[in-house]
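Participant: following is a predicted model, sequence given first.
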Amino acid sequence: AFNLSFQRTIRVPDDGKARSLPPGLGPFPLAQIDDGSVALPMYQAEAMWMLFGCRARSAFAIKI
C-alpha cells in the first residue's frame, strides 16, 4: 500500500540563508468537491510538504 499525506507548516523567507526546519502543524484537511476532485485549502502564510510512505519491499513510481 502507498500512503501520501499533505502536511501543514509555516513559510520561511527565501533569502538563501540556512535555517532550521519549520514546525510541522499536522495534516491539511482535504475537501471533496462536487465533481469528485479534491481541494487543499491554504492560507497565504502557510506552506506544505508531502509525506510519502509504503510497506517494506514495495516499490512505487509517482509523478508530481
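Facilitator: The structure has been received and is ready for your questions.

Participant: pretty sure Met50 contacts Arg8?
Facilitator: No: with contacts defined as CB atoms under 8 Å, Met50 does not count as touching Arg8, sitting 11.4 Å away. Every residue, glycine included, has its C-beta placed from N, CA and C.

Participant: who has more neighbours, the two?
Facilitator: In this view Met50 and Arg8 are compared by other CB atoms under 10 Å, and Arg8 has more residues nearby, 18 against 10.

Participant: quick one: contacts for that one?
Facilitator: Residues counted as contacts of Arg8 (CB atoms under 8 Å, 6 or more residues apart in numbering) are 24-28, 42, 46-48.

Participant: which residues does it bridge with?
Facilitator: Counting by DSSP bridges, Arg8 is bridged to Met48.

Participant: regarding the nearest residue to Asn3 once chain neighbours are set aside, which helix or strand does it belong to?
Facilitator: Taking CB to CB, 6 or more residues apart in numbering as the measure, Asn3 lies nearest to Gly53, with 4.1 Å between them; neighbours along the chain are not counted. Taking DSSP states H and E as the definition, Gly53 sits inside strand 46-54.

Participant: what packs against that strand?
Facilitator: Here strand 46-54 is seen to pack against strand 2-10 when contacts are counted using 3 or more CB pairs under 8 Å, 6 or more residues apart in numbering; DSSP states H and E.
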